[in-house]
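Chemist: What follows is a predicted protein model with its sequence.
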Amino acid sequence: MTQFDLELVKLRKVYGGETVAVEDFDLQVSKGEFISFVGPSGCGKTTTLRMIAGLEEITSGDLLIRGRNFTRIPAEKRPTATIFQNYALFPHLTVRENIEFGLKVRGLSSGDVKRRTDAIIDKLELGDVAGSREGALSGGQKQRVALARGLAVEPEILLLDEPLGALDANLRKSIQEELKILQREVGITFIFVTHAQSEALSMGDRVVVMNAGKVEQISPPFELYTRPRSPFVARFIGRNLLIPGDLSQCTGDRAVVSTRFGSLAGAPVFSAAASGAKVTVVAPSEYVELHAPGAPPHDAEATEGLTGRITALDPVGHVIFATVQLDETLSVRLETHRERFEGRGLAPGAPVNLRWRPARASVVLDAA
Ligand SMILES: Nc1ncnc2c1ncn2[C@@H]1O[C@H](COP(=O)(O)OP(=O)(O)OP(=O)(O)O)[C@@H](O)[C@H]1O
């Protein structure tokens, strides 16, 4: 018996014989995991989700659910349910009838249909609107009905395609929290597609970052944030300082990188890389201290760094965005906490040192 709920093995999708939408997608998902797919528009998130649902034919590769091969098995015979961004509710049916519909299609007895529908209406607190039609529901209520309809069929895997995309920002935040709590309660594996990196990071136990049909990285959120494995991920997730250079030496997993600003040493490298390889040193903004030249950094271990000139400071609430010009062509924007910044004599036009602990940065290989 496999320990995985879902396995994707070299999954590939080609549309019309020429558009490669997804390539070499490998993933193993444990029971009850919450996996987020994130990436720019057109990177293949929805196509992958639809292949798992059986709504899109798989060009090659394998799809296994609990160890059984479902690659060529049609959607209605898969133990999955899908929730779409537009909810896809039947407008002429009431909330209760919408939920019952999927259960009747699956041939459940009328007693079971009633029992499951009552239970899910109760769980998602839809009792007050059970007799209403879609037109009378708010965005949040429609979202909850779609979720109820998906969960009522008791799928092994729930697939969610931008399910919160149509909600306003405040409602989105509160439904995110509800969804996460609900997922833990029901213990079902969730695969959740989103454009929004903050949503992917706050919801997922692990996050799959996709780019141009390929997986860039699969990691828990904190690791993705602090240890991006490619320049693409470093740009897409969080706010990182990226310095291009050449790997000049590697001792153990610690690198010396020669950059046009001088040598940067001590950051770990996570992939095999030969001397001379084109690399990028990535320092998460949060770990970069800004201080006036001559003044020591607060953190005595923040020994690596660069010097530049502040060109703009934009305070937003408790954070300050500092734009720093490092040379004629490279300007970086760093996010720093106000209390770590104020009282340091830093103002637009002033020279500034950027310092970080070497081990907090990463060296990533540039795409070949
Ligand atoms: N039915 C289709 N026929 C042909 N090409 C398609 C089809 N569906 C998607 N594609 C192409 O496949 C690629 C991946 O699309 P997909 O919708 O999976 O991306 P996505 O990451 O979900 O994007 P978005 O966030 O905009 O929904 C894109 O190049 C898209 O144009």
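Modeler: Okay, I see it. Residues are numbered from 1 along each chain as shown.
Chemist: Just the element for Tyr225, please.
Modeler: Secondary structure from DSSP states H and E places Tyr225 in helix 221-226.
Chemist: Kindly report the same for Pro315.
Modeler: Assigned by DSSP H and E, Pro315 falls in strand 304-316.
Chemist: Asn98: how many residues sit nearby?
Modeler: 25 (other C-beta atoms under 10 Å). In this view, the C-beta of every residue, glycine as well, is placed from N, C-alpha and C.
Chemist: And the helix or strand bottoming out on mean pLDDT in the chain, what's buried?
Modeler: The least trusted helix or strand in the chain, going by mean pLDDT, DSSP states H and E, turns out to be helix 338-341, with a mean of 80. Within helix 338-341, the residues that qualify as buried by neighbour count (16 or more other C-beta atoms under 10 Å) are Phe341.
Chemist: What of stretch 49-66?
Modeler: Applying 16+ other C-beta under 10 Å to stretch 49-66 flags 49-56, 58-59, 61, 63-66 as buried.
Chemist: distance of the residue nearest to the spatial centre of the chain from the ligand?
Modeler: Using C-alpha atoms, centre = their mean, the residue of the chain that lies closest to the mean C-alpha position is Ala200, 3.4 Å off. Separation of Ala200 from the ligand (C-beta to the nearest ligand atom, to the nearest Å): 12 Å.
Chemist: pretty sure that residue contacts Ser36?
Modeler: Yes: counting by C-beta atoms under 8 Å, Ala200 touches Ser36, with 3.8 Å between them.
Chemist: For the two, list the residues in contact with both.
Modeler: Between them, Ala200 and Ser36 share these contacting residues under C-beta atoms under 8 Å, 6 or more residues apart in numbering: 192, 194, 207.
Chemist: that older thread, so what does the host helix or strand of the residue nearest to the centre of the chain touch, helix or strand wise?
Modeler: For Ala200, the element it lies in under DSSP H and E is helix 197-203. Applying 3 or more C-beta pairs under 8 Å, 6 or more residues apart in numbering; DSSP states H and E, one finds that helix 197-203 contacts strand 34-38, helix 169-186, strand 189-194, helix 221-226.
Chemist: so which of these comes closest to Val332?
Modeler: helix 221-226 (17.5 Å; C-beta to C-beta).
Chemist: Is Val29 bridged to anything, and to what?
Modeler: Leu6 (DSSP bridges).
Chemist: check contacts around it.
Modeler: Residues near Val29 by C-beta under 8 Å, 6+ apart: 4-7, 35, 157, 189, 191.
Chemist: ranking those by neighbours, who comes first?
Modeler: Going by other C-beta under 10 Å, Ile191 tops these with 27 neighbours.
Chemist: Tell me if I'm right that that one and Leu49 touch.
Modeler: Yes: look at Ile191 against Leu49 with C-beta under 8 Å: they come within range, at 6.3 Å.
Chemist: where along the stretch 201-350 of the chain do the strands fall?
Modeler: Secondary structure of the stretch 201-350 of the chain, counting by DSSP state E, counting those that start in this stretch: strands at 206-211, 214-219, 240-251, 254-259, 262-268, 278-284, 289-291, 304-316, 319-325, 331-337.
Chemist: so can I have CSV of the ones you listed showing distance to the ligand, mean pLDDT and mean neighbour count?
Modeler: Formatted as CSV, the strands of the stretch 201-350 of the chain follow (distance: least, C-beta to the nearest ligand atom, whole Å; pLDDT from 0 to 100; neighbours: other C-beta atoms under 10 Å):
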stretch, distance to the ligand, mean pLDDT, mean neighbour count
strand 206-211, 7, 97, 23
strand 214-219, 11, 96, 20
strand 240-251, 22, 91, 18
strand 254-259, 32, 91, 20
strand 262-268, 31, 89, 17
strand 278-284, 24, 94, 23
strand 289-291, 35, 89, 21
strand 304-316, 27, 92, 16
strand 319-325, 27, 92, 19
strand 331-337, 25, 89, 17
